[in-house]
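A.B. asks: How does the following fold in three dimensions:
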Amino acid sequence: MLVILQENVPKLGTIGDVVKVKDGYGRNFLVPRGMAIIANTRNVKELEHVRTQLAKKADHVKAEAEALAAQIAGNAVTLKAEVGEEGKIHGTITNRDIAEALAADGIEIDRRAITIAEPIKATGAYEATVSLGADVSATVKVFVVEA
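C.D. replies: You can find the predicted model right below:
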């Protein structure tokens with residue numbers, strides 16, 4: 001019996017997979033629990049339609065992410081901080097500070113999408129990576145100067 005999985009089933013497959021199972025397992029376990037539907041011609045065509053729609057949506061999301069990455073890559077952020085001895089700042093520059101600086105420039109980014117390789121505790125030039133989803137990321141230059 002061929003079924004289309006509606007949920008991830010361990011040791012069987014993931015959502016959308018068409019798999020062959022024994023008749024009793026499909027009819028008595030998978031289908032009644034909503035984990036799968038029988039793979040008849042109508043359901044297979046519907047699955048293909050859904051896959052094409054998801055592919056189009058994924059392409060659209062990736063194009064938007066790449067456009068935002070290009071906008072971010074051409075942008076540098078300057079942050080002012082109070083400096084103590086030896087050029088060390090009081091506190092740390094965090095991803096929240098970088099997100100607020102980008103928002104001031106008109107680029108809205110969730111702070112959790114920004115990663116900093118090392119804590120910024122001194123003045124100088126740094127780089128932060130912004131993950132935009134759809135396997136797209138951008139690097140923003142961060143300059144920390146004395147206030």
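A.B. asks: So the residue nearest the centre of the chain versus residue 5, what's the distance?
C.D. replies: In the chain, the centroid-proximal residue (Cα atoms, centre = their mean) is residue 133; its distance is 3.0 Å. Residue 133 sits 25 Å away from residue 5, taking Cβ to Cβ, to the nearest Å as the criterion. In this view, the C-beta of every residue, glycine as well, is placed from N, C-alpha and C.
A.B. asks: And the strand ranked longest in the chain, what's buried?
C.D. replies: Scanning the chain for the longest strand, with DSSP state E as the assignment, gives strand 137-146. Within strand 137-146, the residues that count as buried by 16 or more other Cβ atoms under 10 Å are 138, 140, 142, 144.
A.B. asks: got the contact list for the last one?
C.D. replies: Neighbouring residues of residue 144 by Cβ atoms under 8 Å, 6 or more residues apart in numbering: 78-81, 89, 93, 120, 122-126.
A.B. asks: Could you report the distance from it to residue 72?
C.D. replies: 18 Å.
A.B. asks: Likewise for the first one?
C.D. replies: Taking Cβ to Cβ as the criterion, residue 138 is separated from residue 72 by 4 Å.
A.B. asks: list residues touching both of those two?
C.D. replies: 130, 132.
A.B. asks: how about the strands of this structure, start to end?
C.D. replies: 2-5, 18-20, 36-38, 76-81, 88-93, 114-116, 120-122, 124-131, 137-146.
A.B. asks: care to break this protein down by domain?
C.D. replies: 2-60, 66-146 (automatic domain parsing).
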